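Colleague: Give me the fold of what follows.
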Amino acid sequence: MKEILRFRASLIRVLTILVCSALLIAPSLLLLWYIKTFAVNIIAGDEWVIVPLLQKEMQGTLMFSDLFMQHNEHRILFPNIINLIIAQFTNYDTIAEIMFSWVFLCLTCFLIFHLYRKKFFWDSYPKLLLTFLPVSVLLFSFRQYDILWSPTIQIYTMIFSAVATFFLLDVSEKWDKWFILGFVSATMASYSFLLGLLVWPTGLLQIFLSKTERTKQKAFLWCVIGSVVYGFYFYGYIKPEYHPPLNYVLMNPLVGVKYFLIFLGAPFSWHPNTATALSLPLMLIALFSITYVYRFRIFKRNAVWLSLIIFAILCALGTTIGRAGFGFDQAITGRYTPFTAIGIIGLYFLALSVSQLPVKRRNFGVHALLTIFLIGLVVTYPGGWLAGHTMKDDYEKGAYILKTYNIQSNENINYLYPNAETVRKGATFLEQNNLNVFADRVLNMSSLIPIHSDSLFGLDTINGDNIPQDAPPLVIHPNQQETITITGWAVDKYSNDVASSVFITINEIDIPTIYGIDRPDIANKYNNTRFRFSGFIATFSSSILIHGEHAISLKIVREDQVHYYYVDCVKYIIVD
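Modeller: Residues are numbered from 1 along each chain as shown. Presented below is the predicted three-dimensional model:
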């Protein structure tokens, strides 16, 4: 009987550990699912600086100076190298870059967990795992929706490298390989994102707090190598012209203070005022915890947690000085939340360390933080899901514009990047080499079999104007309307389902559409849920049409992608 009871107890313990482990990794898998659901293969914004590098690499003219050159206020040497390697193996699929950001986040979590296990000893292993769960939830929160924007690989590379630096300094007890590797990771952080330079002063403080063997010699060498890194970083550095002046915060101190507070509270809120309010208890918890650390002289044991906190505060200060002039929306943006999240994680473990001291109200910090974590969980995950939907819709439009750049107006091209000429040159290179969106199979309409049909469809608007069936031809003035945008819906009536794709045909020019837009009104009208995602939108430059009258017709491609329904003229437009 005792053996049965022992076996049952062991089995329950194993199952409990497995359940706790599953809970621990669930947030990372949720973020992976989030990426799979919303990520779009598209080059947008700052990602266009990689295209010339890839072109030079393929031509054999790429130089180190190209990789090291300043971009905005950053020198992104290591992200550039990573991106070029990814591009070589994926036909420049930017979703692969997003996946690498997720991998860096997982590695960051692993390093923090390793430090946590080293510094906290619990009698119960399930308790050890469950205590770490808030960290996993915060680190993989949907609040950092900008992970769907591939250039944020710079930030995740820097975050991982910074945490790795503090980890290596913590495990290094003397002159050893860990200390040397700390220089490597600190350099990687510095040349991934500007704020990575803050790892050097933070690391110096950690060296003194840790009080390991040869502390002064370590600190001296750390300062020397750090000075060299700073020197190379700022040699030939030019402040971006469009950035606010560095004394902006001095001239607007209240704006600077609020920006800083929003930055700190951003991981738990979507609104600047709420983020500001939540930052105040965070600072109170920090003050409470650091007071007890100082009182009981437990700096060495908590040096790495203090480093995470200090690094996050320095990042908040640096961003406030450099970007407060852009407005509070920048402080609340998802791309900066990983910086603050790292500091809050450090604060959580610092409060956890204080909770083990023989003092009154020792659990105040932990309980208060868990309350804030719970608020953030309720607020940020649903909001992050909505933000993911919005980004997916925007990036699918961007992918469509890039893929059809030859017929797009500069107005639309600027949706991808402010410099239309840069995009057109880059798009030509990508198309010639079947990279990014041009790696996908292109449907050749001339190879399909036409079927004349009365399949269900509708043309709703042209440039935002409703177009009743009996309305006269719509007049387009190219000087005033650089872009023509047509919306509508279409289904495959005979298969009783949505179509494969839809083309707008004008003067024998087949213009692709973005097909699959949510149209619940169509599903309700025909009492068929299969018709819900039957909407389309086409946008193109008015310059591709000559002056005169033009007939608009539709080609609705069937699901088999072998046949298409040809719909005769459904509307006329006049280009004046």
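Colleague: For the rest of this, base every contact and every neighbour count on C-alpha atoms.
Modeller: Noted.
Colleague: quick one, domains of the chain?
Modeller: The chain breaks down by automatic domain parsing into domains covering 2-395, 443-575.
Colleague: Please identify the deepest-packed of those.
Modeller: Each of the domains of the chain was scored by mean neighbour count; the highest is domain 2-395, a mean of 19, by mean count of other Cα atoms under 10 Å.
Colleague: Point out the other elements, helices or strands, that the top helix by length along the chain touches.
Modeller: For the chain, the helix with the greatest residue count under DSSP state H is helix 364-403. Contacts defined by 3 or more Cα pairs under 8 Å, 6 or more residues apart in numbering; DSSP states H and E place helix 364-403 against helix 2-38, helix 125-139, helix 272-295, helix 337-354, helix 410-413, strand 514-517.
Colleague: can you tell me which of the ones you listed the model trusts least?
Modeller: Across the helices and strands packed on helix 364-403, helix 2-38 has the smallest mean pLDDT, namely a mean of 80.
Colleague: so where is the stretch 401-550 of the chain shaky, pLDDT-wise?
Modeller: 453, 469-471 (pLDDT under 70).
Colleague: let's see 90
Modeller: Of all residues in the stretch 401-550 of the chain, those with pLDDT under 90 make up the ranges 415, 418-419, 439-484, 486, 491-501, 504-510, 525-526, 528, 542-550.
Colleague: Identify the residues contacting stretch 277-287?
Modeller: Where contact means Cα atoms under 8 Å, 6 or more residues apart in numbering, the residues beyond stretch 277-287 that reach it are 261-262, 264-265, 268, 347, 351, 364-365, 368-369, 372.
Colleague: Make a markdown table out of those residues and add distance to Tyr116.
Modeller: Formatted as a markdown table, the contacts of stretch 277-287 follow (distance: Cα to Cα, whole Å):
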| residue | distance to Tyr116 |
| --- | --- |
| Leu261 | 28 |
| Ile262 | 28 |
| Leu264 | 23 |
| Gly265 | 24 |
| Phe268 | 23 |
| Leu347 | 13 |
| Ala351 | 13 |
| Phe364 | 20 |
| Gly365 | 17 |
| Ala368 | 20 |
| Leu369 | 17 |
| Ile372 | 21 |
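Colleague: Closest to Pro418 out of the residues you listed?
Modeller: Of all the contacts of stretch 277-287, Ile262 has the smallest distance to Pro418: 28.2 Å, by Cα to Cα.
Colleague: element containing the closest one, please.
Modeller: Ile262 is part of helix 253-265, with elements assigned from DSSP states H and E.
Colleague: The helices and strands packed on helix 364-403: which one's closest to Ser101?
Modeller: Of all those, it is helix 2-38 that lies closest to Ser101, at 10.4 Å by Cα to Cα.
Colleague: right, and the helix or strand after the closest one?
Modeller: Stepping forward along the backbone from helix 2-38, the first helix or strand reached (DSSP H and E) is helix 50-59.
Colleague: Can you name the residues in contact with that next one?
Modeller: 62, 66-67, 80, 83-84, 87, 426, 429.
Colleague: before we move on, what about stretch 412-424?
Modeller: Contacts for stretch 412-424 (Cα under 8 Å, 6+ apart): 43-46, 48, 398, 401-402, 405, 410, 483, 540.
Colleague: Check which helices and strands the helix or strand hosting Phe104 is in contact with.
Modeller: In the assignment (DSSP H and E), Phe104 maps to helix 94-119. In terms of contacts (3+ Cα pairs under 8 Å, 6+ apart), helix 94-119 is packed against helix 2-38, helix 77-90, helix 125-139, helix 153-171.
Colleague: and those as a markdown table, adding distance to Val567?
Modeller: A markdown table is the format used below for the helices and strands packed on helix 94-119 (distance: least, Cα to Cα, whole Å):
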| stretch | distance to Val567 |
| --- | --- |
| helix 2-38 | 33 |
| helix 77-90 | 38 |
| helix 125-139 | 52 |
| helix 153-171 | 46 |
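Colleague: out of those, nearest to Leu554?
Modeller: Closest among those, once you apply Cα to Cα, is helix 2-38, at 28.9 Å.
Colleague: and which of the contacts of stretch 277-287 is nearest to Lys555?
Modeller: Taking Cα to Cα as the measure, Lys555 lies nearest Phe268 of the contacts of stretch 277-287, at 47.5 Å.
Colleague: Spit out the contact partners of Asn41.
Modeller: Asn41 neighbours (Cα under 8 Å, 6+ apart): 93-95, 399, 436-437.
Colleague: Quick check, pLDDT for it.
Modeller: For Asn41, pLDDT reads 94.
Colleague: what's near enough to touch Tyr292?
Modeller: Neighbour list for Tyr292: Val354 [criterion: Cα under 8 Å, 6+ apart].
Colleague: For it, give its distance to Asn302.
Modeller: Distance of Tyr292 to Asn302, given as Cα to Cα, to the nearest Å: 11 Å.
Colleague: Dump the contacts of stretch 412-424 to a markdown table, plus distance to Tyr230.
Modeller: A markdown table is the format used below for those (distance: Cα to Cα, whole Å):
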| residue | distance to Tyr230 |
| --- | --- |
| Ile43 | 31 |
| Ala44 | 30 |
| Gly45 | 27 |
| Asp46 | 24 |
| Trp48 | 27 |
| Gly398 | 37 |
| Ile401 | 40 |
| Leu402 | 38 |
| Tyr405 | 41 |
| Asn410 | 40 |
| Thr483 | 47 |
| Phe540 | 47 |
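Colleague: Can you lay out the contacts of Asn41 as CSV showing distance to Ile298?
Modeller: Shown next, in CSV, are these (distance: Cα to Cα, whole Å):
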residue, distance to Ile298
Asp93, 48
Thr94, 45
Ile95, 44
Ala399, 54
Asn436, 52
Val437, 55
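Colleague: Can you tell me how far Glu213 is from Ile207?
Modeller: Look at Glu213 and Ile207: by Cα to Cα, they are 10 Å apart.
Colleague: do the same with Asn410
Modeller: Taking Cα to Cα, one finds Asn410 at 53 Å from Ile207.
Colleague: The spatially most central residue of the chain: what's it in contact with?
Modeller: The centroid of the chain falls nearest to Ile147 when counting by Cα atoms, centre = their mean (1.6 Å). Residues in contact with Ile147 (Cα under 8 Å, 6+ apart) are 98, 101-102, 153, 335.
Colleague: any idea which of those residues is closest to Leu314?
Modeller: Set against Leu314, the nearest of the contacts of Ile147 by Cα to Cα is Arg335 (16.4 Å).
Colleague: Which residue is the nearest non-sequential neighbour of that closest one?
Modeller: In space, and not counting its chain neighbours, Arg335 is closest to Asp146: 5.1 Å by Cα to Cα, 6 or more residues apart in numbering.
Colleague: What is the three-state secondary structure of that neighbour?
Modeller: Under DSSP: H, G, I helix; E, B strand; the rest coil, Asp146 falls in the helix class.
Colleague: ok, it to His389 distance?
Modeller: 12 Å.
Colleague: cool, Thr108 as well?
Modeller: According to Cα to Cα, Thr108 stands 27 Å off from His389.
Colleague: part of a strand, is Pro244?
Modeller: No: with three-state DSSP as the criterion, Pro244 is located in coil rather than a strand.
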